[in-house]
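Trainee: Pasted the sequence and its predicted model underneath.
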Amino acid sequence: MIPHPETWLRVTPQGLHCLPADLWIDPPRPVPRAVITHGHADHARPGHAAVLATPETLAIMRARMGEAAAGGSQQALPPGERLDLGGVTLWLAPAGHVLGSAQVVLEWRGARAVVSGDYKRQPDPTCRGFEPVPCDVFVTEATFALPVFRHPPPAHEVAKLLRSLALFPERTHVIGAYALGKAQRLIALLRAAGWQAPVYLHGALLPLCRLYQEFGIELGELRPATIADKAALRGAIVLAPPSAIADRWARRLEDPVVCMASGWMRVRQRAKQGGVELPLVISDHADWDDLNRTIDEVGAPEVWVTHGRDDALVHALAQRGIRGRALHLVGLGEDDEAVHAA
Ligand SMILES: [Zn+2]
Ligand SMILES: [Zn+2]
C-alpha cells in the first residue's frame, strides 16, 4: 500500500515537516535541517543547523544574513540532482520566481509530493523558468488566487513606463521594486525594451543586483542614486525599495513620477493609497489563470494551499473534482511584494 503524503508530510509549528527525511521546508523557526525554496525573507530564515538549497539561494542567504546565520552546514543542490534522505528521494525543480528559486520534490514509497514555494509562469530573463512536475500532491501558494488577478504581459507594462519617460523627459521616474527579484527583472525587461541608459539604484538594491551579475545575469550599467545630485537624475530611471517609495526618500527627488511594480497594482485603490502615479502590474507570483493552469499541468488529484486566497482556490478546485486543503502555514506571504507593495 502506498502511504498517503498526509501521513509523512505534516504541518508542525516549525512549518511543513517531512517525517522520514526529518527535514522542514521553509521553516519559520530554526530547525535541525531545512530545505529552502528561495531567498525571500518569509521562506529563508536565519539560524538553521543545516540548510539545503540551490547554490544561488545559498548565495542570496549569505548576502542577506551573513555566513553564520545562513546555516551551520550549507549544502548546495543544483536543480535535478537527486538526494536520498532516510529513504526519501529529494530533488529541486526550477520555480521561475526569483534567481535560484526551486520547488521541492519529495518521493517516498511510491508517492510524490511537490512543494512549489512561490512561483510564476511568465517568462523572466533573470531566472530559470518553472518546470511542472507531475505529482500526487501539489503544494501551492495562492497570493493572487482571485479571478480579478490577471497579470498583463510585463513588456506591456514596461512600454507604459517608456511612454511616460518620453512624455516627461525632465522628470525622474522612481520605481518601487523589491530588492530580491523584482528589481533585477525590471532592469532586464527595460534592457530588452531598448533602454540603454544607466539605471540608478537606491543603496538597498545594489548588493543583490551585483550578486545577480556575478551569476551572469546581464543588467547593463547600474549606478548608485545619490539624492544630493538630483540634476543628474533628471529623465532617469531610479529603482528603490517599496518602503523608500512610501517615505520621503523618493519625494526628495526633483518632480518625481512615482511608480510601483507589483501584482497588487492591479487594484487601483492600492496604487492611490500609496501615492503611486504610475502603477506597473508586474508580479513574480502566478496570477489566477496561471495558478489553475499549473494545477492542471501537474495533474495532482490533491492540492494543498500554503497561504493567500486559499478559500477561492480551494472552491475552484472542488468544482473540478480536485481535493483542496488549506494548510494555513504561518509566516508565509509576508515577502516584500505581499507587504510593502500593498
Ligand atoms: Zn517569494
Ligand atoms: Zn513568499
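Mentor: Sure thing, it's come through. The structure presented is a predicted model; accordingly, all values stated were derived computationally and were not measured. Ligands and ions are numbered 1, 2, ... in the order given.
Trainee: separation between the closest residue to residue 14 other than its chain neighbours and residue 300?
Mentor: Of all residues not flanking residue 14 in the chain, residue 27 sits nearest, at 4.7 Å (CB to CB, 6 or more residues apart in numbering). Where you see a C-beta, it was placed from the backbone N, CA and C, and this is true even at glycine. Between residue 27 and residue 300 the computed distance is 23 Å (CB to CB, to the nearest Å).
Trainee: Quick one: residues in contact with the helix or strand encompassing residue 6.
Mentor: For residue 6, the host element (DSSP states H and E) is helix 5-8. Residues outside helix 5-8 that contact it (CB atoms under 8 Å, 6 or more residues apart in numbering): 18, 19, 20, 106, 108, 111, 113, 136, 137, 302.
Trainee: for stretch 63-74, same thing?
Mentor: 34, 39, 41, 44, 46-51, 53, 58, 61-62, 180, 207-208, 211.
Trainee: Using neighbour counts, trim the residues you listed to the buried set.
Mentor: 34, 39, 41, 44, 47-48, 51, 53, 58, 61-62, 180, 208, 211 (16 or more other CB atoms under 10 Å).
Trainee: and residue 164, how many neighbours does it have?
Mentor: 17 (other CB atoms under 10 Å).
Trainee: what's the farthest-apart pair in the contacts of helix 5-8?
Mentor: 20 and 302 (19.1 Å; CB to CB).
Trainee: ok, now how distant is the residue positioned nearest the centre of the chain from residue 283?
Mentor: Residue closest to the mean C-alpha point of the chain, counted by CA atoms, centre = their mean, is residue 97 at 4.5 Å. Using CB to CB, residue 97 is found at 10 Å from residue 283.
Trainee: which neighbours do those two share?
Mentor: Counting by CB under 8 Å, 6+ apart, the residues touching both residue 97 and residue 283 are residue 120.
Trainee: which non-adjacent residue is nearest residue 286?
Mentor: residue 120 (5.0 Å).
Trainee: just checking, that neighbour is part of a strand?
Mentor: No - counting by DSSP: H, G, I helix; E, B strand; the rest coil, residue 120 is not found in a strand; it is coil.
Trainee: quick one, what contacts it?
Mentor: The contact partners of residue 120, by CB under 8 Å, 6+ apart, come to 96, 97, 130, 283, 284, 285, 286, 290.
Trainee: Could you look up the SS state of the first one?
Mentor: In other words, residue 96. coil.
Trainee: what sits against residue 244?
Mentor: 176, 202, 204, 250.
Trainee: Where does the stretch 51-200 of the chain get nearest to ligand 1, residue-wise?
Mentor: Nearest residue of the stretch 51-200 of the chain to ligand 1, counting by CB to the ion: residue 118, 3.5 Å away.
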